[in-house]
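Visitor: Model the following, please.
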Amino acid sequence: MPEPVGPPKGGAGETDGGVWPYLGVGCLTAVVGLVAGGMIAVLIAKVVGAATGCRPDADTGAPCDWSTYWTWGARLGVILFPAIVLWRMRRSRAASRKSE
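Guide: From the prediction side, this is the model:
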């Protein structure tokens, strides 16, 4: 009879020091950063459109030139969000290794 699978050795939430945790977190936050950066940029486009007197699209309510804002916001989000998360992750891992 096979041996049942138990929890990994070490504490809960601990991983090895390899690249896989960084790769998983980086890929997930890249998708989140893409969408979040784009949506924040569309909000900025809405504010800029209201300040400049640009009328939104009558059918959809989309702000003027929203696609340009979304594209640049998504580009920034897909780079900045994973970079910040991975930087903080590396910093916390280094601090936990020093305290051991």
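Visitor: Helices along this structure, start to end?
Guide: For the chain, the helices defined by DSSP state H occupy 20-52, 66-99.
Visitor: wait, which of the ones you listed is closest to Thr60?
Guide: Among the helices of the chain, the nearest to Thr60 by C-beta to C-beta is helix 66-99 (9.4 Å). Every C-beta, even on glycine, is put in place using the N, C-alpha and C of the backbone.
Visitor: picking that back up, make a markdown table out of the helices of the chain and add mean neighbour count and mean pLDDT.
Guide: Conversion of the helices of the chain to a markdown table gives the following (neighbours: other C-beta atoms under 10 Å; pLDDT from 0 to 100):
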| stretch | mean neighbour count | mean pLDDT |
| --- | --- | --- |
| helix 20-52 | 15 | 94 |
| helix 66-99 | 14 | 91 |
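Visitor: okay, the ones you listed in TSV with distance to Thr60 next?
Guide: Formatted as TSV, those follow (distance: least, C-beta to C-beta, whole Å):
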stretch	distance to Thr60
helix 20-52	12
helix 66-99	9
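Visitor: so which of the ones you listed gets nearest Asp59?
Guide: Using C-beta to C-beta, the helices of the chain put helix 66-99 closest to Asp59, at 13.3 Å.
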